[in-house]
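Q: Next input, structure requested:
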Amino acid sequence: MRTSRGLAGLLAVGVAGAVTVALLPGSDGDRESAGAVPAAAAGSATATAPPTRTPAPSPSPTWDGVVRSIGDGSTSDTGPQPNRPPVEKLKPGEKPPQFVVFSWDGALENEDHLFSHFRKVAQENDAHMTFFLSGIYLVPNSKRSLYHPPQHAVGKADISFPTDAHLRATLEQVRQAWVDGNEIGTHFNGHFCGPKGGGDWSVAEWQSELDQARSFVTDWKTNTGMKDVPALPFDYTRELVGGRAPCLEGQKNLLAAEKASGFRYDASSPGEFQVWPAKKDGIWNFPLQMVPYPGKPTQVLSMDFNFLANQSGESTNGDPKKYQAWERETRDGYLNGFERVYNGSRAPLFIGNHFETWNGGIYMQAIEDVVKGVCKREGVRCVSFKELADWLDAQDPKVLERLRGLDPAQPADWSALVK
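A: Reported below is the predicted structural model:
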């Protein structure tokens, strides 16, 4: 069995100067809005559970070396996360690192084994990644009534609840990913888009969705009855500091809920230029970015789905004769975005993905090629969003403000900017 995600109602923007809209029927996968833009432009009952407002996390105390079980034993305190890089402030005149963040929406380990595969790819290429875990991927289908989605009936979701086998496999990958140094963020829960989706939710409804996403991770042993599975090796109430909204909808109200929960960043912006990040409402804003579309006078959002929408439109199984060209086009699009900033402003590059085999798996191969092609280059750091937030917080705000004034491809005088 494959746990799938519907694509109904997805918006794709055409690659020509005039914007067109394509509506996709149901299929496997996630849904993120917007495709390519001109290069010149940068029915169910409501059943919302009352928010169980979780207090903002406080700084972790010095660890005494004792592993402690938390709550029902679903999570535990095993000390500081292993394999985290040191955080250093830029020295006067120093060129900033070229940060690249590879992130994944959903983070389910199913029979495709893409979670485990890309965890290995990260290890082999000195990379850390951000895995945005959908909370209900740790809720058995038999317990789906535990989920109270905003503006929808109890137990309803636009993605499938996992099989027990997929749930166990996902727990193992989440555990190992954290030990490797990767980040476990959140993709929230039911993946509702469009009417009654995140764009229509109030701050309180987003808070409920966020609190449930957290609780599904912290209470998975109670919810699943899987007492034989080891605890996750981290305190998720402290580790969870960022997320990406399904379909990139509802960021305005979501930011207020995230801020109340102590989040440090949000990756739900529907797309911006490749520039150095700034904060929105006190939280780092890490958007998908517009990168140059190969061979066309347009730009496309830096996510696998957006290439698909511009290549095969309404189908996740397009013409196999075009797969090779589409794979090359996707890979080159990401590399275009990388080279533009690597040789210019050094603004971080953000790339979003899904564990899917759309169009014969070409998007998975394209992103693997990019990881292998850039992460070991001189001056490059492939990091998680959390690690990037750590680095940004350590910098002089005045230096970051000057960096934000650079165009993506603009060569910089670092001695004048970093001082």
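
Q: Show me the helices in this structure, by range?
A: 114-124, 164-180, 203-218, 220-224, 236-239, 251-260, 304-311, 323-342, 358-374, 385-393, 397-404, 414-417 (DSSP state H).

Q: which residues touch residue 232?
A: By CB atoms under 8 Å, 6 or more residues apart in numbering, the contact list for residue 232 reads 74-76, 171, 174-175, 178, 217. Any C-beta I mention is one placed from the backbone N, CA and C, and that applies to glycine too.

Q: Does residue 335 touch residue 371 like I think?
A: No - here residue 335 does not reach residue 371: they are 11.4 Å apart, not a contact under CB atoms under 8 Å.

Q: quick one, longest strand in the chain?
A: strand 98-106 (DSSP state E).

Q: partners of it, with directions?
A: Applying DSSP bridges to the sheet, strand 98-106 is found paired with strand 130-133 (parallel), strand 349-354 (parallel), strand 380-382 (parallel).

Q: and among those, the most buried is which?
A: Of those, the one with the most neighbours on average (mean count of other CB atoms under 10 Å) is strand 130-133, at a mean of 27.

Q: So which residues make contact with that one?
A: Residues outside strand 130-133 that contact it (CB under 8 Å, 6+ apart): 101-107, 115, 170, 174, 177, 182-187, 217, 242-244, 267, 384-386.

Q: redo that, cut-off 7 Å
A: 101, 103-107, 174, 177, 182-187, 243-244, 384-385 (CB atoms under 7 Å, 6 or more residues apart in numbering).

Q: same question, stretch 165-181
A: Residues outside stretch 165-181 that contact it (CB under 7 Å, 6+ apart) are 3, 81-84, 108-110, 115-116, 119, 122-123, 128, 131, 133, 137-138, 140, 162, 184, 224, 226, 229, 232-234.

Q: quick check: mean pLDDT across it?
A: What stretch 165-181 shows for mean pLDDT is 98.

Q: CA-only coordinates of that stretch in PDB, if you can.
A: In PDB, the C-alpha atoms belonging to stretch 165-181 read as follows (Å, rounded to 0.1, in the frame of the first residue of the first chain):
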ATOM      1  CA  ALA A 165       4.400  -0.600   8.900                       C
ATOM      2  CA  HIS A 166       4.900   2.900   7.400                       C
ATOM      3  CA  LEU A 167       4.400   4.500  10.800                       C
ATOM      4  CA  ARG A 168       7.100   2.300  12.300                       C
ATOM      5  CA  ALA A 169       9.500   2.900   9.400                       C
ATOM      6  CA  THR A 170       8.900   6.700   9.600                       C
ATOM      7  CA  LEU A 171       9.700   6.700  13.400                       C
ATOM      8  CA  GLU A 172      13.000   4.900  12.600                       C
ATOM      9  CA  GLN A 173      13.900   7.400   9.900                       C
ATOM     10  CA  VAL A 174      13.000  10.400  12.100                       C
ATOM     11  CA  ARG A 175      15.100   9.000  14.900                       C
ATOM     12  CA  GLN A 176      18.200   8.400  12.700                       C
ATOM     13  CA  ALA A 177      17.700  11.700  10.800                       C
ATOM     14  CA  TRP A 178      18.000  13.700  14.100                       C
ATOM     15  CA  VAL A 179      21.100  11.700  15.200                       C
ATOM     16  CA  ASP A 180      22.700  12.500  11.800                       C
ATOM     17  CA  GLY A 181      22.300  16.200  12.500                       C
END
